[in-house]
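K.L.:
Pasting the sequence and the predicted coordinates here, then a few questions.
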Amino acid sequence: MNFKQEEEQSYWEEYYAKHRTNETPSLFAKFVEPFIIDGTSLLELGCGNARDSIFFAKSNKVNVTALDQCQNQINFLNSLGQSNINFEFSDFTNYVSAHKKFDFVYSRFTLHSVDKQGEQRTFNNTYNNLKEGGILFIEVRSIHDELMGQGTQIGPYEYITDHYRRFININEMIDTGLKANFKLIYKLESRDLAPYGDENPPIIRLIFQKSS
Ligand SMILES: C[S@@+](CC[C@H](N)C(=O)[O-])C[C@H]1O[C@@H](n2cnc3c(N)ncnc32)[C@H](O)[C@@H]1O
């Protein structure tokens, strides 16, 4: 079995058809919000139901562009007519912003949804999409997650259950960021960052800065 982008798209389309909205921002968004400066711009990679993008946009401090591969969900989010926010159907691993550079890029629970090459492309494109001094915030599942090992293994740390997950080795992801020319400014791997029902796995948080 191989990782297939179309199957992942279908999985998330079906998931968000049943979870179109969520009024509660993640704990990660609440952690990031104090870093956001008035009058800036933020790009979210893989927004899902946009719980976090809408939270950032409602602060009125930041203008948000939010990407996802789910066309129906993007259509639904644009139909809400939220101010300060624009939703775009896009594969974030290939997203190159032609005319606009962002102050912040935010990626929560998305980089473990793409393969290693997709992760590398995302870091390289994000570096180009950010302004000088811009900041990249990442939250992802770790190789120490109890879910790792469930389903069919298709590669190092890569498993398919009802969908694809590539659990992240923190040092390997830091290395990918450094190779893309980012400077690492924060790292943490801990429980209690994203508890969900009975699950409270160790989660990775990384913050990188574009600074030459
Ligand atoms: C686990 S959800 C997380 C959603 C949201 N960031 C949150 O924290 O609630 C993963 C999201 O990433 C999106 N996604 C995964 N790979 C993608 C890609 N290559 N391009 C765009 N979106 C992608 C999925 O469609 C899904 O909406």
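P.N.:
Sure, I can see it. Numbers count the residues shown, from 1 in each chain.
K.L.:
May I ask which helix or strand encompasses Glu189?
P.N.:
Following DSSP states H and E, one finds Glu189 within strand 183-190.
K.L.:
and whatever helix or strand comes next after that strand with the ligand, contact?
P.N.:
With elements assigned by DSSP H and E, the helix or strand that comes after strand 183-190 is strand 203-209. No - judged by C-beta under 6 Å from any ligand atom, strand 203-209 stays clear of the ligand, getting no closer than 11.4 Å. No exception for glycine: its C-beta is placed from N, CA and C like everyone else's.
K.L.:
And the contacts of strand 203-209?
P.N.:
Outside strand 203-209, the residues that touch it by C-beta atoms under 8 Å, 6 or more residues apart in numbering are 28, 31, 133-142, 145, 168, 170, 173-174, 177, 182-191, 193-194.
K.L.:
tell me how far that strand is from the chain's mean position?
P.N.:
Relative to its parent chain, strand 203-209 has a centroid offset of 11 Å by C-alpha atoms, centre = their mean, to the nearest Å.
K.L.:
And for stretch 154-163?
P.N.:
With C-alpha atoms, centre = their mean as the basis, the mean position of stretch 154-163 lies at 18 Å from the chain mean.
K.L.:
Pull out the buried residues from that stretch.
P.N.:
Neighbour-count burial for stretch 154-163 flags 157-160 (criterion: 16 or more other C-beta atoms under 10 Å).
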